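> curious how this folds, go ahead:
(one chain, ligands or ions: 1)
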Amino acid sequence: MKTTFVAKTLLSFFLLLSFWVSAQKSDRELILIDKDWRFSFGHLYDTEKDFGHATGYFSYLTKTGFGDGPAAKDFDDRAWRKLDLPHDWAVEQPFSESASFSHGFKAAGKNYPEKSIGWYRKKINIPESDLDKIISIKFDGVFRNSKVFFNGFYLGTEQSGYNGFEYDVTAYVNYGGENTIVVRADASMEEGWFYEGAGIYRHVYLQKTNSVHIKANGTYVTSEFKNNEADVIAAVSIENKGNYKGSIEIVQTIFDNEKKQIATFSESLLAPEFYKTITHHSKFYVENPKLWDIDSPNLYRLVTQIKQNEKLIDSYETTFGIRTIAFDPENGFFLNGKSLKLKGTNNHQDHAGVGTALPDEIQYYRIKKLKEMGSNAYRCSHHPPTPELLKACDELGMLVIDETRLMGINDYHLNDLQRMMERDRNHPSIFCWSVGNEEWNIEGGIVGERITNVMQNFAKSIDPTRPVTVGISSGFKSGISSVVEIMGYNYLGNGDIDAHRNQFKNQPGMGTEEGSTFATRGIYFTDDAKHYQSAYDKKPRPTFYSIEEGWKFYAERPYLAGMFIWTGFDYRGEPTPYGWPSVTSYFGMMDVCGFPKDNVFYLKSWWGKEPVLHLLPHWNWSGMEGTAIDVWAYSNCDEVELFLNKKSLGKKKMEQNGHLEWKVNYSPGTLEAVGYKNDKKVLSEIQKTTGKVEKIKLSLDKENVAKGNVSVVTVEVTDKNGLHVPTANDEIEFAIKGGKILGVGNGNPTSLENDQFIDNLALVSITNFQEQKGTTAVLPQQLSNYSESEWITAFKDRDYKKQVPSYIYRGEFELKSNSVKNTVSFFYKKIGVENVVFVNGTKVEPSTEDAQKYTFNTAILKEGKNTIYIVATPLQKVKDWDVMNTDPGVIQVITPAEPWKRKLFNGYVQIIIQKEDNAKEFVLSASAKGLQTGILKLK
Ligand code: GAL
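Coordinates of the predicted model:
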């Protein structure tokens, strides 16, 4: 079904209408269910350690609803760890030389079968009043190969670690009671050659809708802008998962960023048939629209409402922007008709301390840091991002290349591409789809050409409004590069860009990757023994170029739309040019925390709009007095003059897109640069030799605080005059009140310190479980001398028809250590009607919160073998075929984490903190031996 309408703005009338409409509540609810999950590791191939999953006589593929092991609805997960999402179990692990180079040497995933499967379980209540609704579970992304179960029913497997997916669970719901969601994530295989994390590292939602509803990612809003007017075209896919037959009304309303209604329209149509979808098209006219731009990212909202017999049954919001994009083979890229050089960076998705489990606030933090550097474009290398990243780019004004993971023409590839595009195509920030990156096997040949043709045309069929690119690293002039719509050059050194362009004059192009330079923040002499790369911009390898060389090349060629530096931020993995024990990359303009390396100031000078003057290195070179030091200035001033201790070392003219250099014999004191524009002093910058470290200083990234509960705190140390000490490497210990710490980092590529300090939770099985017969149903208060010869394997050959009044069970459990700091609990599973428990001869009492949980006093425990006795009156079978529990339960040992700490790396640590929802007081303190403690209080 297809309808097209043009709705002219009739403001006041529709304002009234829309107020009335939106005041009603629709059936749609999207409930974030990130809190209170249970987690445990399973095992890649040892089924016993994988809780017996998939081994049942009938398992989940044999009979529906037969999810076994933890996939079963009633599996006892009380002893599992409690956590909130997003969660990345890889970042919690220690580093190990035998772990993956690509994944930053975290001892998880590939090569770690016991740390490659993660089980997640969550209970949710669904009220009876939801009985007629469609209930689904929506995942933004799980790394990876996730199987999902609901009340024991298998819902499906999602291989991609990057795509979002959702499952309809309506038929399996226990209305008016408890329901269980179970996810088994298998991170044993890598999809990328970079850190990818592990587990449910993005949000999860419970979604409820009317049976007639807008489909998942079911809106597609495009606009055509000309002569100060825009046509907004909205396609809406409506699905019917119920038996309703008859008409429905669709009401579409557009609001601007001040919540002012600008256009609306409604129409009656026939509801789709059972399990069918219809797509409805409408067209709006918007006069003088506020365009989405990188400097003024104006957004609009389309509210789509569905009514059935006047009742509002669905309401769905689509954020979009009105803007035009164009690539021109001669003149590069145009946004809203104005030429715009793309000043981009490539990025993976991990951050210091938290791995891939980024709180939403950190997305904003990162995009803001890139914008501060003067960057206007972001390439999601090499996988679909989380939706919050795109939201941040929309809201902050950052153009995006959205990229799918793998090239190919089969369902695995095209379905992934389609889902990414349908999810993302309303984001105004996205200006280009990338269907691949450096596919070495095919890029220069006919297979690459064929695959690109298919993927490109397929992409066009989903979104004809944006062009398609591929990042190409070899075989320019052939293969992929001969057919791709926008040529994506990966590196100047990989081919002759001008020659390619001369042959393909109608093909626009951009540098999808450039740079791959090596730098360590705050380091000015390369030290291969320590794996430190000096931060002066330099040619990293014979066929790669410095940032300055790269930018000059692109800046000088109008036909090239711009370039994307490899990378904006350092990331875990790919520690080229080194290996173990380097665990993060050296490519970033910023380190993994977002602390700038000096290149940031080169880019700020030539990418940004503000006057810039930056001097490197720092001026703390005690012991190097008299040695010639390279002093560089990054600036966009016309001239820069350098002074050492007030003596001029000469004034130099700045070349466009260049930098300035001096050789200066070190003597402590003040190195000062003065920048001139039109012969006038406009800026000065000082590097001063500091005194010794005295105080810890904590400062909050204020920009982020308002957005949510998560904040980024910079930790540094100063001398007695308050000067930042750029060489400090002290270890700082943290304590927090009113919240928690999510992660710590310092940007040191060789740091093998913990990213997180979380309590260790070990599950210890009870082994050698035996029984003997008791004579009375009265349970003992102390153990007797049971005859050794009477013990037999527990429950072996039990004749349930002839049970004795009680049974005495005996088992063992091993403790690796025993410390008063540990909490050791026994999560008992009923093997009797009434029971008493003894550990190492002492009777223990159940806890008040759970009658089947016993927390042991560590004084009765010992390192090594411990003995547990359970005396119980037996459970009786009601029906012959009843399967009785024979598992006594599990021992949980919690060893508290050490206090949070981290060494400063060249003066800095970053700590990511999260305020408790209702905390009255929120205090972070940072202390170190011999230093004045730093305290940060938040209201
Ligand atoms: C490129 C590749 C990137 C990254 C980079 C490192 O070839 O596309 O993902 O590996 O090299 O230099």
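
> Tyr244 reaches Leu270, doesn't it?
No - look at Tyr244 against Leu270 with C-beta atoms under 8 Å: they stay out of range, at 10.6 Å. All C-beta spots, glycine's among them, are computed from the backbone N, C-alpha and C.

> ok, the two, which is more surrounded?
More crowded of Tyr244 and Leu270, by other C-beta atoms under 10 Å: Tyr244, with 18 against 11.

> please tell me how far the more buried one sits from Ser315.
Tyr244 sits 17 Å away from Ser315 when distances are taken as C-beta to C-beta, to the nearest Å.

> same check, this time on Ser375
For Ser375, the distance to Ser315 equals 36 Å [C-beta to C-beta].

> neighbour-wise, which of these two wins?
Shown here are Ser375 and Ser315; by other C-beta under 10 Å, Ser375 has more neighbours (26 against 21).

> quick check: that one is in a helix.
No - assignment of Ser375 by DSSP: H, G, I helix; E, B strand; the rest coil gives coil, placing it outside any helix.

> closest point of this protein to the ligand, which residue?
At 3.6 Å from the ligand, Ser516 is the closest residue in the chain, using C-beta to the nearest ligand atom.

> report pLDDT for that residue.
Looking at Ser516, its pLDDT reads 98.

> again, but for Phe5
Value for Phe5, per-residue pLDDT: 40.

> same thing with Met189?
At Met189, the model reports a pLDDT of 97.

> count of neighbours near it?
Applying other C-beta under 10 Å, we find 13 residues neighbouring Met189.

> list the contacts for Lys929?
Residues in contact with Lys929 (C-beta atoms under 8 Å, 6 or more residues apart in numbering) are Asp730.

> now Asp630
So Asp630 contacts Tyr524, Tyr536, Pro617, Glu661, Trp662, Lys663 (C-beta under 8 Å, 6+ apart).

> 10 Å instead?
Counting by C-beta atoms under 10 Å, 6 or more residues apart in numbering, Asp630 makes contact with Tyr524, Phe525, Ser534, Tyr536, Leu616, Pro617, Glu661, Trp662, Lys663, Val664.

> same check on Leu370?
Leu370 touches 343-345, 347, 376-378, 393, 396, 398, 568-569, 589-590, 594, 600, 603, counting by C-beta under 10 Å, 6+ apart.

> can you check my assumption that it lies in a strand?
No - going by three-state DSSP, the assignment for Leu370 is helix, not a strand.

> all further residue positions should be reported with the first residue as 54.
Sure thing, new numbering starts at 54, so read that last one as Leu423.

> tell me how far it lies from Thr637.
Distance of Leu423 to Thr637, computed by C-beta to C-beta: 18 Å.

> settle this for me: Glu244 is touching Tyr465, isn't it.
No - the criterion here is C-beta atoms under 10 Å, and Glu244 misses it with Tyr465 at 11.4 Å.

> and the two? which has more neighbours close in?
Comparing Glu244 with Tyr465 by other C-beta under 10 Å, the one with more neighbours is Glu244, at 18 against 13.

> not counting sequence-adjacent ones, nearest residue to that one?
Of all residues not flanking Glu244 in the chain, Gly214 sits nearest, at 5.3 Å (C-beta to C-beta, 6 or more residues apart in numbering).

> does the one you found count as helix, strand or coil?
Classification of Gly214 by three-state DSSP places it in coil.

> and the nearest residue to Glu219 once chain neighbours are set aside, bridged to which residues?
Nearest residue to Glu219, sequence neighbours excluded (C-beta to C-beta, 6+ apart): Lys191, at 4.1 Å. Lys191 forms beta bridges with Glu219, Tyr258, as assigned by DSSP bridges.

> could you do Arg432 as well?
Residues in beta-bridge contact with Arg432 (DSSP bridges): Asn399, Ile454.

> next: Gly827.
Beta bridges link Gly827 to Ser859 when assigned by DSSP bridges.

> which residues does it contact?
Shown in contact with Gly827 (C-beta under 10 Å, 6+ apart): 833, 837, 839, 857-862, 924-927.

> try 6 Å this time
By C-beta atoms under 6 Å, 6 or more residues apart in numbering, the contact list for Gly827 reads Ser859, Tyr860, Ile861.

> mind putting those residues in a markdown table, distance to Arg81, pLDDT and neighbour count included?
Output for the contacts of Gly827, formatted as a markdown table (distance: C-beta to C-beta, whole Å; pLDDT from 0 to 100; neighbours: other C-beta atoms under 10 Å):
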| residue | distance to Arg81 | pLDDT | neighbour count |
| --- | --- | --- | --- |
| Ser859 | 56 | 97 | 22 |
| Tyr860 | 54 | 98 | 21 |
| Ile861 | 57 | 98 | 21 |
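
> need the residues you listed in TSV (columns: distance to the ligand).
Shown next, in TSV, are the contacts of Gly827 (distance: C-beta to the nearest ligand atom, whole Å):
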residue	distance to the ligand
Ser859	66
Tyr860	62
Ile861	63
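
> packing partners for the helix or strand Leu751 falls within?
Using DSSP states H and E, the element containing Leu751 is strand 748-753. Helices and strands touching strand 748-753, by 3 or more C-beta pairs under 6 Å, 6 or more residues apart in numbering; DSSP states H and E, are strand 763-771, strand 987-991.

> what parts of the protein come near the ligand?
By C-beta under 6 Å from any ligand atom, the part of the chain that sits against the ligand consists of Ser434, Asn490, Glu491, Ser526, Asn543, Glu566, Ser569, Trp619, Glu627.

> 5 Å - rerun?
For the chain, the contact set with the ligand under C-beta under 5 Å from any ligand atom comprises Glu491, Ser569.

> centre of the chain to the edge, which residue is at the far end?
Within the chain, Thr828 marks the point farthest from the mean C-alpha position, 59.5 Å out by C-alpha atoms, centre = their mean.

> quick one: pLDDT of that residue?
If you check Thr828, the pLDDT there is 94.

> now it. Nearest residue, chain neighbours left out?
Thr828 sits nearest to Pro858 (C-beta to C-beta, 6+ apart), 6.8 Å away.

> and if you look at Arg458?
Once flanking residues are discounted, Arg458 sits nearest to His436: 4.8 Å by C-beta to C-beta, 6+ apart.

> Three-state assignment for that neighbour, please.
Assignment for His436 (three-state DSSP): coil.

> and it, how many neighbours?
His436 has 24 nearby residues by other C-beta under 10 Å.

> residues in contact with Gly497?
By C-beta under 6 Å, 6+ apart, the neighbours of Gly497 are Ser527, Gly528, Ser531, Gly532.

> hmm, I was thinking of Ile965
For Ile965, the contacting residues are Gly406, Val765, Leu795, Gly796, by C-beta under 6 Å, 6+ apart.

> can I assume it sits in a strand?
Yes - assessed with three-state DSSP, Ile965 lies in a strand.

> how distant is the longest helix belonging to the chain from the center of its chain?
Ranked by number of residues, the top helix in the chain under DSSP state H is helix 499-515. Between the centre of helix 499-515 and the centre of its host chain there is 29 Å, according to C-alpha atoms, centre = their mean, to the nearest Å.

> still on that earlier bit, now, the contacts of Leu423 that are in helices?
Those of the contacts of Leu423 lying in helices (DSSP H): Cys446, Leu449, Val653, Leu656.

> which stretches of the stretch 554-703 of the chain form helices?
Under the criterion DSSP state H, counting those that start in this stretch, the stretch 554-703 of the chain carries helices at the ranges 600-608, 652-660.

> among those, which is the most enclosed?
helix 652-660 (a mean of 24; mean count of other C-beta atoms under 10 Å).

> which elements pack onto that one?
In terms of contacts (3+ C-beta pairs under 6 Å, 6+ apart), helix 652-660 is packed against strand 681-688.

> parallel or antiparallel, list what pairs with the strand it packs on.
Its sheet considered, strand 681-688 pairs with strand 666-669 (antiparallel), strand 713-718 (antiparallel) by DSSP bridges.
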